[in-house]
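**Student:** what would the 3D arrangement of this be:
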Amino acid sequence: MKFSVSHGGDKVEERLAKAGVSRRDFMKMCGTVAAVMGMGTAFAPKVAEALTSKRRPSVVWLHNAECTGCSESILRGMNPPFAELILGVISLDYHETVMAAAGEMAEKALHEATHSEHGYVCVVEGAIPTADDGIYGKVAGRTMLDYNTEYVNKAAAVIAYGTCATFGGVQAAAPNPTKAVGVREITDKPVINISGCPPNPYNLLGTVVHFLQNGIPELDGEGRPMMFYGDSVHDKCPRQKYYDEDLFAESFGDEGARKGYCLLRLGCKGPYTYNNCPTVKFNQTNWPVEAGHPCIGCSEPGFWDYMSPFYEEG
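**Tutor:** The predicted structure is shown next:
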């Protein structure tokens, strides 16, 4: 399907101003997005151009077996509010959590969005139960497997948001009675995986910016954008400089954690985890290892099984 974009009514700048987002805050955010994408802050005007374009792709956001934490990571973002930025860039035509419509009206909105001649981007949150023809997860009387298969295959582009949608998440952990899987397991279409439990909203916003400017970004072997998942957490971790055998005795335990030593002896999975948490952080404030908690590898396939136990000597 050829993808085109619809034109919004008022300008993005006006929508952000109404939401209390200043031009200064907006440009600061654009600089951060540019840096996250590996382009440097000098490319902030290019990011701003993409985000304020009249092109507003229609987006259908599907929910499956999950906790909605991935949506919450966006809705509760700060400085400036990510919800306002995302909604200013895209036309979110269906999202069960934030839309006002319910019941038949919600289903009507979904039908209209997915049958538009302009095409749409499908964002999927949550794992998809496949056991017994998918009966363990339903929406509006249809199995999640059924409606995801239909709407994902018809979409112009597909983004799996969160580790449940990308790799199955906790629903797919052993013994996985519902046979939950990620989006790539039910379609032959290319899928952009934004993994994490939850993912950093900047990774989604950066992906949208790249898509608007240059199409689908370069992906790694797990379908994740290389610009966000190209380096291990350990390689970018500020504590990595204390990764030394001679310091292990001191680094083991709470005292070592407070001193900022490497947390490998506390079970940190940073060397096996690919994500940009150390450089982007969450809400531009902090991330688990900086707060003294070992990385649990939440952006990796099958991390509930392969990375656990989370508190055992590495």
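**Student:** tell me how far stretch 297-313 is from the chain's mean position?
**Tutor:** 19 Å (Cα atoms, centre = their mean, to the nearest Å).
**Student:** with stretch 126-139 instead?
**Tutor:** Distance, centroid of stretch 126-139 to centroid of chain: 22 Å (Cα atoms, centre = their mean).
**Student:** with stretch 156-167 instead?
**Tutor:** 8 Å.
**Student:** helices and strands of this protein: which one has the lowest mean pLDDT?
**Tutor:** In the chain, the helix or strand scored least confidently by mean pLDDT, DSSP states H and E is strand 6-7, which has a mean of 38.
**Student:** residue ranges with poor pLDDT in this protein?
**Tutor:** 1-21, 37-43, 50-56, 77-89, 241-260, 311-314 (pLDDT under 70).
**Student:** can you list the domains in it?
**Tutor:** 56-228, 239-307 (the TED database).
**Student:** my read: A34 touches A48, true?
**Tutor:** No: between A34 and A48 there is no contact under Cβ atoms under 8 Å: 9.2 Å. For glycine as for every other residue, the C-beta is placed from the backbone atoms N, C-alpha and C.
**Student:** what segments of the stretch 151-300 of the chain are strands?
**Tutor:** 157-161, 180-181, 192-194 (DSSP state E, counting those that start in this stretch).
**Student:** mind giving me the packing neighbours of the second one?
**Tutor:** In other words, strand 180-181. Helices and strands touching strand 180-181, by 3 or more Cβ pairs under 8 Å, 6 or more residues apart in numbering; DSSP states H and E, are strand 128-129.
**Student:** what does whichever helix or strand comes after the strand it packs on rub up against?
**Tutor:** Counting by DSSP states H and E, the next helix or strand C-terminal to strand 128-129 is strand 138-139. Defining contact as Cβ atoms under 8 Å, 6 or more residues apart in numbering, one finds that strand 138-139 is touched by H63, E96, M144, Y147.
**Student:** the third one - how many residues pack around it?
**Tutor:** The criterion is other Cβ atoms under 10 Å. On that basis, M144 has 26 neighbouring residues.
**Student:** apart from its chain neighbours, what residue comes closest to it?
**Tutor:** Distance criterion Cβ to Cβ, 6 or more residues apart in numbering; nearest residue to M144, sequence neighbours excluded, is G137 at 4.0 Å.
**Student:** show the contacting residues for that neighbour.
**Tutor:** N64, A65, I128, P129, T143, M144, L145, T178.
**Student:** mind doing that once more with 10 Å?
**Tutor:** For G137, the contacting residues are 63-66, 126-131, 143-145, 148, 171, 178, 180, by Cβ atoms under 10 Å, 6 or more residues apart in numbering.
**Student:** do you know how far it is from C122?
**Tutor:** Separation of G137 from C122 (Cβ to Cβ, to the nearest Å): 17 Å.
**Student:** for H234, same thing?
**Tutor:** In terms of Cβ to Cβ, H234 sits 33 Å off from C122.
**Student:** tell me which of these two has more neighbours.
**Tutor:** C122 (27 against 22).
**Student:** run the chain-centre distance for the strand or helix carrying that one.
**Tutor:** Element membership for C122, per DSSP H and E: strand 121-125. Taking Cα atoms, centre = their mean, one finds the center of strand 121-125 at 10 Å from the center of the full chain.
**Student:** try stretch 62-77
**Tutor:** For stretch 62-77, the distance to the chain centre is 9 Å (Cα atoms, centre = their mean).
**Student:** G162 is in contact with Q171, correct?
**Tutor:** No: with contact defined as Cβ atoms under 10 Å, Q171 does not count as touching G162 (11.3 Å).
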